[in-house]
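Q: pasting the sequence and the predicted model now:
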Amino acid sequence: MAKLGVNIDHVATIRQARGGAEPDPVAAAALAEMAGADGITVHLREDRRHIQDRDLKLLRQTVKTRLNLEMAATEEMVGIALTLKPDMCTLVPEKRQELTTEGGLDVRLNMSGLAEAVGRLQDGGIVVSLFIDPDPDQVKAASKIGADYIEIHTGTFAEARDWKSERAELERIENAIKLGTKLGLGINAGHGLNYSNIRKVAALGGIEEFNIGHSIISRAVFAGLDRAVRDMVDLVKYA
Ligand SMILES: CC(=O)[C@@H](O)[C@H](O)COP(=O)(O)O
Ligand SMILES: NCC(=O)COP(=O)(O)O
């Protein structure tokens, strides 16, 4: 059965809109866990647009499931991770101007820098995942540099506007799952997944954990976080 990691960045986005103290992503993490989340995901961006260093410190002390820290493979972030020791680090590409992550890491192009970051994090006892597009060359490169997991970027699938491109992207995701599994990588997936499109990806099988944020927090605005997490847990586990 697949697991659900709840990304709580957008709770912090609302807090940062006023620069105050609420809503607190630390409280959101506790509620998500009580509703059945298997893990909590946060993206500490270099520009600190949502999650703050204070959140990360408190989450490390309070998260009872698993804490997955998404971050760029920079010196600053590797240092923070080695001090904080999240259960998993997911290395992601980051652009200052983007509204959200626009694609996967180019592992092939940045092999040596990423290999160094992966090695340093693993030496610190942290499990490392690489957020990549469902591209066989990127899957092979992730395996080559010793990543423990890949997180398959599902954003292109989520944005497909006709069945043909959606089916083509699902096929790419399925092939990436098969190849990654064959190479001994653990497989996670995420980005842009919601209450309608999750079934198709979950039904492929072979994905250990889905990281989902925006759609859950959006539903929580109307239905409450407990209901929103429970509904997604059901979809992820019983697709
Ligand atoms: C890496 C990824 O797919 C998402 O977790 C995303 O980067 C979350 O960060 P934002 O909420 O800033 O888009
Ligand atoms: N890595 C994907 C993630 O954590 C959540 O992405 P989204 O559901 O907010 O698009």
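A: Thanks, I have the structure now. Ligands and ions are numbered 1, 2, ... in the order given.

Q: residue 33 against residue 59, yeah?
A: No - the pair residue 33 / residue 59 is not scored as a contact, 10.8 Å apart, by Cβ atoms under 8 Å. Placement of C-beta: from N, CA and C, glycine included.

Q: for the residue nearest to the spatial centre of the chain, helix, strand, or coil?
A: In the chain, the residue lying closest to the centroid (Cα atoms, centre = their mean) is residue 211, at 4.5 Å. Going by DSSP: H, G, I helix; E, B strand; the rest coil, the secondary structure assigned to residue 211 is strand.

Q: got a list of what it touches?
A: By Cβ atoms under 8 Å, 6 or more residues apart in numbering, the residues touching residue 211 are 5, 6, 7, 39, 41, 68, 90, 151, 188, 189, 190, 191.

Q: give the next helix or strand downstream of the helix ranked longest in the chain.
A: Taking DSSP state H as the criterion, the chain has its longest helix at helix 163-182. Proceeding C-terminally, helix 163-182 gives way to strand 186-190 as the next helix or strand, assigned by DSSP states H and E.

Q: say whether ligand 2 is contacted by that following strand.
A: Yes - judged by Cβ under 6 Å from any ligand atom, strand 186-190 comes into contact with ligand 2 at residue 190.

Q: name the helices or strands packed onto that strand?
A: Contacts defined by 3 or more Cβ pairs under 8 Å, 6 or more residues apart in numbering; DSSP states H and E place strand 186-190 against strand 3-7, strand 149-153, helix 163-182, strand 209-212.

Q: can I get the ones you listed in CSV including distance to residue 118 and mean pLDDT?
A: What follows is the helices and strands packed on strand 186-190, written out as CSV (distance: least, Cβ to Cβ, whole Å; pLDDT from 0 to 100):
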stretch, distance to residue 118, mean pLDDT
strand 3-7, 20, 98
strand 149-153, 11, 98
helix 163-182, 15, 98
strand 209-212, 19, 98
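
Q: show me what from the chain comes close to ligand 1.
A: Listed as neighbours of ligand 1 in the chain under the rule Cβ under 6 Å from any ligand atom: 7, 9, 43, 45, 70, 92, 100, 101, 131, 190, 191.

Q: can you tell me the element the closest residue to residue 126 other than its chain neighbours falls in?
A: Among residues not flanking residue 126 along the chain, residue 89 sits closest, at 5.2 Å (Cβ to Cβ, 6 or more residues apart in numbering). In this assignment (DSSP H and E), residue 89 forms part of strand 88-91.

Q: note down every partner strand of that strand and its orientation.
A: strand 67-71 (parallel), strand 127-132 (parallel) (DSSP bridges).

Q: pipe those into CSV and attach distance to ligand 2 and mean pLDDT per row.
A: As requested, those are exported to CSV (distance: least, Cβ to the nearest ligand atom, whole Å; pLDDT from 0 to 100):
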stretch, distance to ligand 2, mean pLDDT
strand 67-71, 6, 98
strand 127-132, 6, 98
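
Q: returning to that earlier point: JSON lines for the helices and strands packed on strand 186-190, including distance to ligand 2?
A: What follows is these, written out as JSON lines (distance: least, Cβ to the nearest ligand atom, whole Å):
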{"stretch": "strand 3-7", "distance to ligand 2": "4"}
{"stretch": "strand 149-153", "distance to ligand 2": "6"}
{"stretch": "helix 163-182", "distance to ligand 2": "14"}
{"stretch": "strand 209-212", "distance to ligand 2": "4"}
